[in-house]
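>>> turn this into a model:
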Amino acid sequence: MEGSPSDYPMTTTPPSKSINKLLWITDIHLDRASEETKSRFLDKLAGISYDGLLITGDISVAEHLTTHLAEISWACKERNVYFTLGNHCYFGSSFSEVDRRVADLCRQRSNLVPLGHGEVIQLTQNTSLIGHRGWYDGQAGAGEGTRIECPDRQWIKDFQGLTKAGFFSKLRDLGRESAHYFRQVLPKALDGSKNVIIATHVPPFTQGLGHRGSFCDWNRQPFFSNREAGNVIYGISKQFARRKITVHAGHTHCPVDARLLPNLDIRVGGAQPGFPAFQEFLTIE
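Numbers count the residues shown, from 1 in each chain. Here you go, the predicted structure:
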């Protein structure tokens with residue numbers, strides 16, 4: 001499991017130089033890409049101009065995750081790679097084992113910066129970055145009454161063997177974990193920056209939910225949204241009305257750009273498994 005602020009001291013980390021051009025990618029699923037497609041993607045990542053890379057989850061599956069992260073690290077050269085993991089990154093393994101392997105790799109590759117350990121990344125004088133993997137918490141839409149079966153119960157060891165009630169109890173715990181994280185870290189970031197970028201995998205607001213070109217079905221919403229985290233972010237945004245917060249997420253594969261408050265936006269990236277693509281370049285003030 002990712003660390004919470006009680007496990008990791010909160011730190012403010014300035015980059016060696018300002019990051020004014022941040023490239024955002026999400027849900028690239030490199031395990032589904034052909035070698036030729038993956039090579040073209042990495043070559044482009046190595047050749048274009050940007051100051052840092054932001055990934056909001058679903059990089060690969062557990063078996064290939066560290067290999068693909070290392071390849072991204074090499075392609076980015078000296079540029080930092082800020083990333084969260086997604087649910088597919090744990091497929092075939094467990095939370096603890098995947099997190100351990102990723103932590104080992106990050107100690108070897110200094111430009112890999114996993115988010116979710118209490119850090120506030122000061123990108124520029126006015127803008128900081130925080131993040132946490134997050135998780136869908138089972139509370140949106142039909143909730144526990146959903147008729148949809150979630151494949152994560154089969155593919156992630158922590159969920160295998162759980163009853164439906166046990167599975168949803170676990171989801172609520174995961175939602176509370178990320179909500180607690182943002183409750184502790186977001187105010188610290190807002191105290192020091194006019195603008196804060198939040199990176200997370202699962203959209204924390206149902207307003208950010210799309211599915212196959214339309215709004216996400218009521219029965220799918222429990223596995224597509226993190227309401228616990230969203231409630232915390234929304235409440236803090238109202239307290240810091242003169243600060244700007246932009247949430248960047250993935251998971252749904254359906255692009256959405258929505259404004260929830262005058263100072264709170266959510267942007268969800270689109271994706272096509274097997275064809276990794278860039279979302280956009282973020283111009284950082």
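>>> can you list the low-confidence ranges for the chain?
Within the chain, the stretches with pLDDT under 70 are 1-16, 214.
>>> for G269, see how far away S110 is.
Separation of S110 from G269 (C-beta to C-beta, to the nearest Å) stands at 26 Å. Where C-beta positions appear, they are placed from N, C-alpha and C, glycine not excepted.
>>> neighbour-wise, which of the two wins?
Neighbour count, other C-beta atoms under 10 Å: between S110 and G269, G269 has more, with 24 against 10.
>>> and the gap between that one and T163?
Taken as C-beta to C-beta, the span from G269 to T163 is 33 Å.
>>> likewise N80?
Counting by C-beta to C-beta - N80 and T163 are separated by 42 Å.
>>> who has more neighbours, these two?
Set N80 next to T163 and count neighbours by other C-beta under 10 Å: N80 wins out with 22 against 8.
>>> which residues pair with that one across the strands?
G52 (DSSP bridges).
>>> so it makes contact with I55?
No. Using C-beta atoms under 8 Å, N80 makes no contact with I55, being 11.2 Å away.
>>> just the CA atoms of stretch 100-120, as PDB, please.
What follows is stretch 100-120, C-alpha atoms only, in PDB (Å, rounded to 0.1, in the frame of the first residue of the first chain):
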ATOM      1  CA  ARG A 100       8.200  -2.800  -3.000                       C
ATOM      2  CA  ARG A 101       9.500  -3.500  -6.500                       C
ATOM      3  CA  VAL A 102       8.700   0.100  -7.700                       C
ATOM      4  CA  ALA A 103      10.400   1.500  -4.600                       C
ATOM      5  CA  ASP A 104      13.500  -0.600  -5.300                       C
ATOM      6  CA  LEU A 105      13.600   0.700  -8.900                       C
ATOM      7  CA  CYS A 106      13.200   4.300  -7.900                       C
ATOM      8  CA  ARG A 107      16.200   4.000  -5.600                       C
ATOM      9  CA  GLN A 108      18.200   3.000  -8.700                       C
ATOM     10  CA  ARG A 109      16.700   5.500 -11.200                       C
ATOM     11  CA  SER A 110      16.900   8.900  -9.600                       C
ATOM     12  CA  ASN A 111      14.600  10.600 -12.100                       C
ATOM     13  CA  LEU A 112      11.700   8.400 -11.200                       C
ATOM     14  CA  VAL A 113       9.600  10.200  -8.600                       C
ATOM     15  CA  PRO A 114       6.600   8.200  -7.200                       C
ATOM     16  CA  LEU A 115       3.800  10.400  -5.800                       C
ATOM     17  CA  GLY A 116       2.000   9.600  -2.600                       C
ATOM     18  CA  HIS A 117       4.600   9.800   0.100                       C
ATOM     19  CA  GLY A 118       4.000  13.200   1.500                       C
ATOM     20  CA  GLU A 119       5.900  15.200  -1.100                       C
ATOM     21  CA  VAL A 120       5.000  18.600  -2.400                       C
END
